[in-house]
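Peer 1: Sequence first, then the predicted structure:
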Amino acid sequence: MDFAKKVEELLKMPQELCNMCGLCCKIATFKGGMSYEEIKEIASDYSNPSQADGARDFLTIFEPITQEQARNTAPDFFNIARSRFPEDRRDKVGFFKCRFIKDGSLCQIHEDRPLLCRMYPIPHERTVYHKNCGFKERGEQNWQEIKTIIESLQQQSQELEEKRQAINIDTENAIKESDKLIAESEKLISEKQQNNNPPY
């Protein structure tokens with residue numbers, strides 16, 4: 001099986017599942033709940049370009065909102081997002097809304113919306129779905145399949161590593177045995193030479 005292709009397919013969610021409620025544009029989180037300050041740090045960290053690009057793209061589209069605004073917009077989403085963090089961290093969970101939503105739920109740039117919006121949601125254990133989101137069931141199923149593939153690959157990798165180590169041990173033992181035989185042969189040759197050439 002081509003695991004990479006399978007995972008790529010599972011990450012793409014059928015857009016016809018969208019209920020067009022607009023809630024994911026009115027309230028969103030980044031990687032499950034990172035704060036605005038944390039996202040800005042990632043965006044400025046060029047040691048990991050892909051992470052930095054993702055953070056910058058997010059901040060280009062979304063702007064922070066207060067936790068009170070988030071609670072009033074989508075109480076269920078707000079509570080789920082906060083519940084994933086320790087109690088002393090919950091007040092730092094970041095919530096955001098799209099800069100381009102106007103007149104209720106209408107997107108001002110829908111035809112030219114960024115790739116981040118077109119790909120949403122990406123199945124992952126950190127993805128928070130809205131209560132009646134049309135993507136929720138499929139997204140959670142897809143993530144379980146992706147997780148199974150990852151675990152399978154990790155298991156295969158572990159087995160290959162164990163085989164490699166076993167081969168290395170066998171090779172080392174063979175080398176030691178070979179060195180021992182060479183040493184014994186050299187000793188026998190030396191003794192034979194001494195016996196054939198007695199001192200006078």
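Peer 2: Structure received. Computed from a predicted model, the values in this text were never measured in an experiment.
Peer 1: So what's the residue count around the closest residue to residue 35 other than its chain neighbours?
Peer 2: Excluding the flanking residues, the one nearest residue 35 by C-beta to C-beta, 6 or more residues apart in numbering is residue 94, at 4.2 Å. Any C-beta I mention is one placed from the backbone N, CA and C, and that applies to glycine too. By other C-beta atoms under 10 Å, 22 other residues sit near residue 94.
Peer 1: Isn't residue 96 up against residue 66?
Peer 2: No: with contact defined as C-beta atoms under 8 Å, residue 96 and residue 66 do not form a contacting pair (10.8 Å).
Peer 1: More neighbours: which of these two?
Peer 2: residue 96 (21 against 9).
Peer 1: Dump whichever strand or helix holds that one to CSV, restricted to CA.
Peer 2: Assigned by DSSP states H and E, residue 96 falls within strand 95-98. The C-alpha trace of strand 95-98 is given here as CSV (Å, rounded to 0.1, in the frame of the first residue of the first chain):
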residue,chain,number,x,y,z
PHE,A,95,-9.6,32.2,20.0
PHE,A,96,-9.8,33.9,16.7
LYS,A,97,-12.2,35.1,14.0
CYS,A,98,-11.7,35.6,10.3
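Peer 1: Could you measure from the residue nearest to residue 35 over to residue 176?
Peer 2: 59 Å (C-beta to C-beta, to the nearest Å).
Peer 1: need the helices for the protein, in chain order.
Peer 2: Ranges of helices in the chain, per DSSP state H, are 3-11, 23-26, 36-43, 49-61, 67-73, 75-83, 115-119, 136-196.
Peer 1: most packed of those?
Peer 2: For the helices of the chain, average neighbour numbers computed from mean count of other C-beta atoms under 10 Å are highest in helix 23-26, which has a mean of 20.
Peer 1: just checking, what packs against that helix?
Peer 2: Judged by 3 or more C-beta pairs under 8 Å, 6 or more residues apart in numbering; DSSP states H and E, the packing partners of helix 23-26 are strand 95-98.
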